[in-house]
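Novice: model the structure of this input:
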Amino acid sequence: QVQLVESGGGLVQAGGSHGLSCAASGRAFDSYIMTWFRQAPGKEREIVATISRTGGATNYADSVKGRFTISRDNAKNTVYLQMNSLKSEDTAVYYCGATGTWGMIPPRTVLYWGQGTQVTVSS
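Specialist: A predicted model of the protein is given here:
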């Protein structure tokens, strides 16, 4: 069992930057591939980024590639999402997820979810 708690959501101006954190407790954090998903109103939850167990590999959705950076600190049991050049279409609830599956996975493949944190980008 892994418990995940996101933090850092808020209101950001378009073009600005913002960072999210997800702290994990429970079973060995470094045994999981970590992901960030987001869900906008009326839309399905979609994967944004994923990072390997050691942090040596990352992958991003095309919509955020070059603007978002996922990272992790296994000593702190935390995964991060740095978001730059934010756009109004980045407005969503952001969720971190722990999984055992590599790749741009569907939500059903996530084993554990955080509660989500709202990011609103104003234009």
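Novice: is the nearest residue to Ala49 once chain neighbours are set aside in a helix, a strand, or coil?
Specialist: Of all residues not flanking Ala49 in the chain, Ile70 sits nearest, at 3.9 Å (Cβ to Cβ, 6 or more residues apart in numbering). In short, each C-beta sits where N, CA and C put it, glycine included. Judged by DSSP: H, G, I helix; E, B strand; the rest coil, the three-state class of Ile70 is strand.
Novice: ok, Ile70 touching Ile47?
Specialist: No - with contact defined as Cβ atoms under 8 Å, Ile70 does not reach Ile47; the gap is 10.7 Å.
Novice: overlap in contacts, those two.
Specialist: Taking Cβ atoms under 8 Å, 6 or more residues apart in numbering as the criterion, Ile70 and Ile47 both touch Trp36.
Novice: tally of neighbours for the residue lying closest to Arg27 once chain neighbours are set aside?
Specialist: Of all residues not flanking Arg27 in the chain, Val2 sits nearest, at 5.4 Å (Cβ to Cβ, 6+ apart). Neighbours of Val2 under the rule other Cβ atoms under 10 Å: 19.
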